[in-house]
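[1] I'll drop the sequence and a predicted model, then ask my questions.
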Amino acid sequence: MMKIDPAQLIVRRADVSDVPLLVAYRMRYLTELQGEMDERYKLKLLEDLTRYFDRALTEGRFIAFYAELEERVVSFGGMVIKEIPGDRYKTMYLEGDILNMYTVPEARRQGVSSVILEALLDEAKIRGISKVALHTSKDGEKLYRKYHFTEPVYPYLERPINTEE
């Protein structure tokens, strides 16, 4: 395990030139979470992720930050920004979905993810985002609760599409 002082981290906002970095860390995240992938599928995923990050960053629908320590990326996280049609209180509003919160194993539990999460939440405030949501693992839940993430006010249901009934 490396010893990290969060004050020594350099936090950078990702731009289109960082797409290969975003793809690489998304792949690390997915592999750790879901295991190794079939090589053919992996190549297709790499291609689709590259296209997604390039387009979404360019259009401002995705933002990401990463933390460096001694020129090595040790953590990153992103947020998908969704424009939601209005209601009786606002004509339109923005919501954010945080994803890809990933810290290299040797840098975990030292406040690194907090630095990335704070950057994302600060950006959400700047952009006028009304609500931020995320999925979490049991390991990450404590961090998000510390930042006042709670269960949704309304029941959250989901239904897979294109599955056999």
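    Sure thing, it's come through.

[2] For burial, what's the neighbour tally of L134?
    17 (other Cβ atoms under 10 Å). Backbone N, C-alpha and C define where each C-beta goes, glycine included.

[3] How many neighbouring residues does the closest residue to it other than its chain neighbours have?
    Distances taken as Cβ to Cβ, 6 or more residues apart in numbering place I98 nearest to L134, at 4.1 Å, with adjacent residues excluded. Applying other Cβ under 10 Å, we find 21 other residues in the vicinity of I98.

[4] In its sheet, which strands sit next to the helix or strand hosting I98, and in what direction?
    Using DSSP states H and E, I98 sits in strand 92-103. Partners of strand 92-103 in the sheet, by DSSP bridges, are strand 72-85 (antiparallel), strand 129-134 (parallel).

[5] buried ones in the very next helix or strand once past that strand?
    Where DSSP H and E defines the elements, the next helix or strand beyond strand 92-103 is helix 112-127. Buried residues in helix 112-127, counted by 16 or more other Cβ atoms under 10 Å: V112, S113, V115, I116, L117, A119, L120, L121, E123, A124.

[6] What is the lowest-mean-pLDDT helix or strand in the chain packed up against?
    Sorting the helices and strands of the chain by mean pLDDT, DSSP states H and E puts helix 138-146 at the bottom, at a mean of 88. Judged by 3 or more Cβ pairs under 8 Å, 6 or more residues apart in numbering; DSSP states H and E, helix 138-146 is in contact with helix 112-127.
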